[in-house]
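Enquirer: Below is the sequence, then the predicted model.
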Amino acid sequence: MRLTPLEIRKQEFHRSMRGFDVDEVEMFLDMVAEQFETLLRERNALNEEVVKLRTQLRDYQQVEKTLQETLMNAQQNLNESREASRRQAELIVREAELRAEEIVEEARNQLQQLKSELVMLRAEKASFVKRLKQLLQAQVELLDVLSSDDLDLKRVRAALDNEEEEPSEQHEAQPAPEPRIVGLEESSQPATPAAGEQPAAQPKPSGPPPGRLSDEFII
């Protein structure tokens, strides 16, 4: 049974012999009714405060939930960004390694090509030196042949001078034969071989004429 201040004030009691004082009872009921009314107002105020606090608490819980979701999303985005950065860094490192391998391979190929060119140059140098030696040797042999021809020419001229200095009667009666340069004719024209005699082999220069380089020497 729930009492109200109005019910307390209007409450009536049965009269009996030698009962309580009616005025005191009514005064007490008014005081109880006022205090009960005050308690009811305080209870309603407290209920309103509780409702208000519960509403605020629910709002705070919603804000907390929102903050937690935002924090979780931020943490997830951060993890995804870290993972993407890690994959990109690995990709960059891999590309750099591949590029470095390509550069090393190109350097090795260039080194091998340079070695091959060096071997070819050494072979060409050896061949050039060999041809140059052969050419110089031919020139030396040609100089020897030309020196021997000069000696024969001097010898013939000396013999002619000796014949002119010696007087001879036979030479006075008979016309003196025209001087004949044997060595010069031999050197300029081939000697006529005698019957049954093989012609003398003429020295043939193996190199080019003096003052001109061989075609082999010109590179």
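Expert: Here it is on my side, so go on. Numbering: from 1, shown residues only.
Enquirer: any idea of the mean pLDDT for stretch 113-131?
Expert: In this model, stretch 113-131 has a mean pLDDT of 97.
Enquirer: For that stretch, buried residues please.
Expert: By neighbour count with 16 or more other C-beta atoms under 10 Å, stretch 113-131 contains no buried residues. (C-beta placed from N, C-alpha, C; glycine too.)
Enquirer: and what of stretch 152-171?
Expert: Leu153, Val156.
Enquirer: same question, stretch 146-153
Expert: Leu153.
Enquirer: Let the chain start at 15 from now.
Expert: Done: numbering now begins at 15, and the last item shifts to stretch 160-167.
Enquirer: where does it sit relative to the chain's centre, distance-wise?
Expert: 70 Å (C-alpha atoms, centre = their mean, to the nearest Å).
Enquirer: just for the chain, where's the confidence low?
Expert: 15, 180-233 (pLDDT under 70).
Enquirer: Mind doing that once more with 90?
Expert: 15-45, 47, 158-233 (pLDDT under 90).
Enquirer: Show me where it has its helices.
Expert: 19-24, 36-179, 183-187, 196-202 (DSSP state H).
Enquirer: name the helices or strands packed onto the longest one?
Expert: In this structure, helix 36-179 packs against helix 19-24, helix 196-202, with contacts taken as 3 or more C-beta pairs under 8 Å, 6 or more residues apart in numbering; DSSP states H and E.
Enquirer: coming back round to it: any idea which of the helices of the chain gets closest to Ser30?
Expert: Taking C-beta to C-beta, helix 36-179 is the member of these nearest to Ser30, at 11.6 Å.
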